[in-house]
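K.L.:
okay, sequence plus prediction incoming.
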Number of protein chains: 2
Amino acid sequence: MKKENILILKGTIIFTPDSAGFEVRQDSYLVVHNGIISEIYKQLPAEYAGCRIIDHGNRLIIPGFVDLHTHAAQFNQRGLGLDLELLDWLNEYTFKEEAKFTDTGYAAQVYEAFTEELIRQGTTRAVLFATIHKDSSNLLCDILSRRGLGAYVGKVNMDVNCPDFLREDTQQSLRDTEEFFERWSSTSLVNPIITPRFAPTSTGELLAGLGKLAVKYNAPVQSHLSENPGEVKWVAELFPDQSDYHQVYNHYGLFGQTPTLMAHCIYLTQEAIECIKSNQVVTVHCPDSNINLASGIMPVRKLLNAAVQVGLGSDVGAGHSLSMTQAMVKAIQLSKINYVFDHQCDPLTLSEVFYMATKGGGKFFGRVGSFEKGYSFDALVIEDNTEMAQKASPVERLQRYIYALDASNIVARYIAGQEIQSRI
Amino acid sequence: MKKENILILKGTIIFTPDSAGFEVRQDSYLVVHNGIISEIYKQLPAEYAGCRIIDHGNRLIIPGFVDLHTHAAQFNQRGLGLDLELLDWLNEYTFKEEAKFTDTGYAAQVYEAFTEELIRQGTTRAVLFATIHKDSSNLLCDILSRRGLGAYVGKVNMDVNCPDFLREDTQQSLRDTEEFFERWSSTSLVNPIITPRFAPTSTGELLAGLGKLAVKYNAPVQSHLSENPGEVKWVAELFPDQSDYHQVYNHYGLFGQTPTLMAHCIYLTQEAIECIKSNQVVTVHCPDSNINLASGIMPVRKLLNAAVQVGLGSDVGAGHSLSMTQAMVKAIQLSKINYVFDHQCDPLTLSEVFYMATKGGGKFFGRVGSFEKGYSFDALVIEDNTEMAQKASPVERLQRYIYALDASNIVARYIAGQEIQSRI
């Protein structure tokens, strides 16, 4: 191994090999070969003599955050219209905002600001919705690639039950999606994902076509599932042949036939939970969004007990912040509310939500989100110079950062071994 | 009126004369005489010709925030120990941290940082718990006064059911409190408040003595009420002669006999609600704290419907942030959760929580928290240069600031007509 391909960071290293607890390696050396984690050492072996070591003292070194569900195109509307529920919010705010992305000039401005904020907040990998527009979706991929982020990007598909200015011709929608896949499937850090907005804005023909594309490109899939009672009722009316909401996606090969993310999953039948589990669909908890739109609380503990995979999403713009630390806090808070109402549901622990925001979500990207051997070196370095931090344990310092500090405490960011710069 | 005593700001002025909605005065002049609001004009009268006008363009000018409940001494522990519930959290973290305030050097360091963060976040008036220690409580008042904040500060009283290192001798506790009152009762912006920690850490003798001091100094009172089911049960055991938790305070003249704040008020009997209302006790909603300690959700809509006054508190350290904008967001979010479980409870609106965080809470300080004639000029100037903000309505811009922006968007702060500087 050439020395220039070796990266060594020293500091207090914390990560979650599993959700049950933290692995803490104080004053240790994290050795990275070609962007991949090799080993963590308390004493650096002689073979690394002469390699450059970045000594972060007692700073924390943690995995970068993975945001499994957010809408890049809604970045500008975060914090607006949150007195509405889902379907009204879509019509009054979201569709109007997304329509602006026919203009690639506007798209460039929003996507640059979005990407900068993603980096600033310490998100290193994200799964994104763009809009129906192929050109601005390409632009989002370009910007993410240029800044070094890891991402799946979805060109959104909608061909029914939406305003004329956002309704696609079904065949054109499929052709644009395929073109988008041709362009981005073989790139390294930014890749495409099949993205029907949700069942109500999709014809069966569109969903069938997308299912075929998923198979053809062995492509991952993302959408929304069972977010709001009105939405669930509407899907039952729109797809009377399907026994349950999730069966709409499942019928068309968009529910675990390839790796699949489903955001929200609040109102699930037992049958849906079984299907999610057997199809290995990954559910995404978006706490702020679910509460801002008065949708409800995802039954996270129940899903974890059923061995369902749960990741975390910021879901901007219904969520109002890209901060994954605040998403972790909100996930714990909502689980405590569930606990207050039902003492059978233990609150989520700090290590459980940290796992969701790192290795748990990271699985969707491969070996991402942990510091075990063979994982991509995606990392954040956290500084907290207060006297309180000096006296606290490493896990207390991490808890303090997650709850009470913010992006300004992140002093370095790495993605796949490359240092990424925030411009602020 | 001498021109040097006149302050004129121009901008987009927003405030809540009542909780039902915002009063918006675009491109208007806010005229302040000797720190007191005189009038808002669309066209400035000739009499003000030659006065200096601070033109904030389309920036928002809003009342400063009022935090009705927070623990200055717990500033360093925010974000720690939040896997515990109230009584364990007190014993494992809080009492140990508060014990450090025997050291005025430590106190000075924490209270300086706390005050700086209060200013940075745009809080202009706050009602604070210090600790049992007279000297460091004096120090907190000194620091707040020097920085120009408006505050009520409580030297905490505890003489039972707490660790030896924080247990006061009852008579010494009362003498220290009286000395604290002698020193701070006649100052202008920082004043003392009677502060038994809560019923369980108070003997009847202590509460009786504090009740007498409240009458003697016509002093306001603050404490905690009905935060946690275990606490409520404990109070019933400790005070078997009182029919209900609130009656412990009421019996000793600490429940509305002088202006009184009671934080939390989650588990209230109908009798307690009636007494709160008839005694004009002000309840304080502390959303983050209540969820972090898995205490429960305050029935805010029910209390408002019963014509009970409700203010907002950050309640650091069980709350993890001094941001009153985030307290507003959390109050709306918790009300939406209540709504999801009970559609009879309408969610809180933006104007309702803004009113709580300004004029509603401000009443405790007198004519504070609004821009009506005769009110103290406590204000924040908010900048948001994004294109989105330029196109949004003033109330949308305010909503965007409250949800999605942060303290870095505050470009000026005024308290009682004086501009206050954040050091960051």
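P.N.:
That came in fine, so what should we check first? Numbers count the residues shown, from 1 in each chain, chains lettered A, B, ... in the order given.
K.L.:
what is the least confident helix or strand in chain A?
P.N.:
Sorting the helices and strands of chain A by mean pLDDT, DSSP states H and E puts helix A:387-391 at the bottom, at a mean of 83.
K.L.:
check which helices and strands it is in contact with.
P.N.:
Counting contacts by 3 or more Cβ pairs under 8 Å, 6 or more residues apart in numbering or on different chains; DSSP states H and E, helix A:387-391 is packed against helix A:394-404. All C-beta atoms are positioned from the backbone trio N, CA, C, and that covers glycine.
K.L.:
what do you get if the cut-off is 10 Å, keeping everything else the same?
P.N.:
Using 3 or more Cβ pairs under 10 Å, 6 or more residues apart in numbering or on different chains; DSSP states H and E as the contact test, the elements touching helix A:387-391 are strand A:53-63, helix A:394-404, helix B:104-120.
K.L.:
for residue A:18, find the nearest of these.
P.N.:
Comparison of those against residue A:18 by Cβ to Cβ identifies strand A:53-63 as nearest, at 13.4 Å.
K.L.:
okay, now the domains of chain A?
P.N.:
When chain A is parsed with automatic domain parsing, its domains come out as A:3-64+A:370-420, A:65-365.
K.L.:
chain center to the first one: distance?
P.N.:
Mean C-alpha position of domain A:3-64+A:370-420 versus that of the full chain (Cα atoms, centre = their mean, to the nearest Å) differs by 21 Å.
K.L.:
repeat that for the last one.
P.N.:
From the chain centre to the centre of domain A:65-365 is a distance of 8 Å (Cα atoms, centre = their mean).
K.L.:
turn the domains of chain A into JSON lines, columns for mean neighbour count.
P.N.:
Putting those into JSON lines (neighbours: other Cβ atoms under 10 Å in any protein chain shown) gives the following:
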{"stretch": "domain A:3-64+A:370-420", "mean neighbour count": "18"}
{"stretch": "domain A:65-365", "mean neighbour count": "22"}
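K.L.:
what's the closest of the ones you listed to residue B:390?
P.N.:
domain A:65-365 (11.3 Å).
K.L.:
ends of that closest one, how far apart?
P.N.:
12 Å (Cα to Cα, to the nearest Å).
K.L.:
so for it, mean pLDDT?
P.N.:
Mean pLDDT, domain A:65-365: 97.
K.L.:
look up phi and psi at the residue lying farthest from the centre of chain A.
P.N.:
Taking Cα atoms, centre = their mean, the residue of chain A most remote from its mean C-alpha position is residue A:46, at 39.2 Å. Backbone dihedrals for residue A:46, given as degrees, to the nearest 10, come out at phi -60, psi -30.
K.L.:
do residue A:21 as well
P.N.:
Dihedral angles (degrees, to the nearest 10) for residue A:21: phi -180, psi 170.
K.L.:
equivalent analysis for the one 5 residues further on, please.
P.N.:
Here the main-chain torsion angles of residue A:26 (degrees, to the nearest 10) amount to phi -80, psi 150.
K.L.:
tell me where the stretch 301-424 of chain A has strands.
P.N.:
Taking DSSP state E, counting those that start in this stretch as the criterion, the stretch 301-424 of chain A contains strands spanning A:309-312, A:379-382, A:410-415, A:418-420.
K.L.:
which of the ones you listed sits closest to residue B:70?
P.N.:
strand A:379-382 (25.4 Å).
K.L.:
any part of that closest one near chain B?
P.N.:
No. Counting by Cβ under 10 Å from any Cβ of the partner chain, chain B is not contacted by strand A:379-382; separation bottoms out at 12.9 Å.
K.L.:
partners of that strand, with directions?
P.N.:
strand A:53-63 (antiparallel), strand A:410-415 (antiparallel) (DSSP bridges).
K.L.:
let me have the strands of the stretch 301-424 of chain A in JSON lines, adding distance to residue A:299 as columns.
P.N.:
Formatted as JSON lines, these follow (distance: least, Cβ to Cβ, whole Å):
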{"stretch": "strand A:309-312", "distance to residue A:299": "10"}
{"stretch": "strand A:379-382", "distance to residue A:299": "30"}
{"stretch": "strand A:410-415", "distance to residue A:299": "32"}
{"stretch": "strand A:418-420", "distance to residue A:299": "36"}
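K.L.:
the ones you listed: which one's closest to residue B:320?
P.N.:
Nearest to residue B:320 among these is strand A:379-382 (16.1 Å), distances taken as Cβ to Cβ.
K.L.:
report the rounded mean pLDDT for the closest one.
P.N.:
Strand A:379-382 comes out at a mean pLDDT of 98.
K.L.:
let me see the contact set for residue A:277.
P.N.:
A:256, A:283, A:303, A:306-309 (Cβ atoms under 10 Å, 6 or more residues apart in numbering or on different chains).
K.L.:
can we see that at 6 Å?
P.N.:
A:306-308 (Cβ atoms under 6 Å, 6 or more residues apart in numbering or on different chains).
K.L.:
still on that earlier bit, put together CSV for the helices and strands packed on helix A:387-391, with distance to residue B:50 on each row.
P.N.:
Formatted as CSV, the helices and strands packed on helix A:387-391 follow (distance: least, Cβ to Cβ, whole Å):
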stretch, distance to residue B:50
strand A:53-63, 56
helix A:394-404, 48
helix B:104-120, 32
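K.L.:
and of the ones you listed, who's closest to residue B:77?
P.N.:
Closest among the helices and strands packed on helix A:387-391, using Cβ to Cβ: helix A:394-404, at 8.8 Å.
K.L.:
so which elements touch that closest one?
P.N.:
Helices and strands touching helix A:394-404, by 3 or more Cβ pairs under 6 Å, 6 or more residues apart in numbering or on different chains; DSSP states H and E, are strand A:6-18, helix A:324-341.
K.L.:
ok, what's across the strand from residue A:194?
P.N.:
residue A:221.
K.L.:
what does the stretch 1-150 of chain A have sitting close to chain B?
P.N.:
A:76, A:78-80 (Cβ under 6 Å from any Cβ of the partner chain).
K.L.:
closest to chain B out of these?
P.N.:
residue A:79 (3.2 Å; Cβ to the nearest Cβ).
K.L.:
is it true that the closest one touches residue B:403?
P.N.:
Yes. In terms of Cβ atoms under 6 Å, residue A:79 counts as a neighbour of residue B:403; the distance is 3.2 Å.
K.L.:
from the residues of the stretch 1-150 of chain A next to chain B, which is closest to residue B:117?
P.N.:
Nearest to residue B:117 among these, with distances taken as Cβ to Cβ, is residue A:79, at 22.4 Å.
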